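Enquirer: What follows is a predicted structure for the sequence shown.
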Amino acid sequence: MFRKDRTRSQRGNGIPESLIPAELADVIYNQRAFEEHCAAMVKLSKKYEDTITELGRERVRLREELLSMPIFTTRQDDSTPERLNFDERIDQFRKVTDFLAERGKDLHDNYHGAVNDPLKRFMKMFPAINEKVKQHERCALDYVKAKERYDRTLHSSQADQAKRDKAASQCDAALNAFNNVNELVPEELPLIHAARFDFLDPSCMTMVAAHIRYLEAVVDNLSAICHEHEVKMSDEDYNREIEDIFSKLSALRITADGLDATVA
């Protein structure tokens, strides 16, 4: 798409490079590409924001379902250290999920304020920019056509002086119209295009910083639930513990062959 636009701006529409230089055609091409990427980013950013919100919501739902089990809702007459430690972890888990839901909302709001909203504001400038570029190209093309008509009239044996004067006047008017708009796009469009770096850098850095704060909060609060040696355990260690439990359960007659079935 953009390659086609780029070719049309430079040669395909008959505008010579003397009117729209290759460097300017490149800027126009890249600006149009940037606009399309921004539009895609807005859609993806909205979806990402919704995912952040949904993650927090589903985490709370999972917690509520888990804690609705009798083992969590009924306090056992068991004052062993293991049971007390278990109950304490459940209380911490409940508090942590509430805290992470709040931090998720902060991440959502930070991301919206740093990425999505600025992108939308930046894109509001594109229609006016595109109209100025189109006007610039129209004036260039009008001049090319007027110049061609003048050249044909000038070398035509059938054209009288009045026709030649009219063609010359139209050519001059088209050139003046092009000159009137030729300062704006070549001078300011590169500035707009270059500003995308200044715009994207703080947005991206704010987004990264927001994620760092969120992840640090996740680590700090989840670490309160686990003991240090549990944090250092690998996935393989936990998998072995789980498999040991399944081995003990599968040895019971009541389980029959149920634990050997493949879980879909």
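Expert: That came in fine, so what should we check first? Residues are numbered from 1 along each chain as shown.

Enquirer: Going by C-alpha atoms from here, please, whenever you check contacts or count neighbours.
Expert: Will do.

Enquirer: What ranges does this structure have for its helices?
Expert: Under the criterion DSSP state H, helices of the chain are mapped to 2-7, 22-67, 70-73, 81-111, 117-123, 126-154, 161-181, 184-223, 228-232, 235-250.

Enquirer: which one of these lies closest to Pro16?
Expert: Nearest to Pro16 among the helices of the chain is helix 126-154; the distance by CA to CA comes to 8.2 Å.

Enquirer: re the thing from before, mean pLDDT lowest where, among the helices of the chain?
Expert: Here the lowest mean pLDDT among these goes to helix 2-7, at a mean of 44.

Enquirer: coming back round to it: CSV for the helices of the chain, including mean neighbour count and distance to Ala256?
Expert: CSV is the format used below for those (neighbours: other CA atoms under 10 Å; distance: least, CA to CA, whole Å):
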stretch, mean neighbour count, distance to Ala256
helix 2-7, 14, 65
helix 22-67, 16, 26
helix 70-73, 11, 25
helix 81-111, 16, 30
helix 117-123, 15, 58
helix 126-154, 18, 68
helix 161-181, 16, 85
helix 184-223, 15, 37
helix 228-232, 10, 33
helix 235-250, 12, 7
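
Enquirer: right, so of the ones you listed, which gets closest to Gly14?
Expert: Of all these, it is helix 126-154 that lies closest to Gly14, at 7.2 Å by CA to CA.

Enquirer: quick check: angle from that closest one to helix 184-223?
Expert: With axes from the mean of the first three to the mean of the last three CA atoms, to 10 degrees applied, the angle from helix 126-154 to helix 184-223 works out at 160 degrees.

Enquirer: before we move on, the earlier item: and the helices of the chain as JSON lines, adding distance to Pro16?
Expert: Below are these laid out as JSON lines (distance: least, CA to CA, whole Å):
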{"stretch": "helix 2-7", "distance to Pro16": "11"}
{"stretch": "helix 22-67", "distance to Pro16": "10"}
{"stretch": "helix 70-73", "distance to Pro16": "78"}
{"stretch": "helix 81-111", "distance to Pro16": "45"}
{"stretch": "helix 117-123", "distance to Pro16": "30"}
{"stretch": "helix 126-154", "distance to Pro16": "8"}
{"stretch": "helix 161-181", "distance to Pro16": "13"}
{"stretch": "helix 184-223", "distance to Pro16": "15"}
{"stretch": "helix 228-232", "distance to Pro16": "67"}
{"stretch": "helix 235-250", "distance to Pro16": "65"}
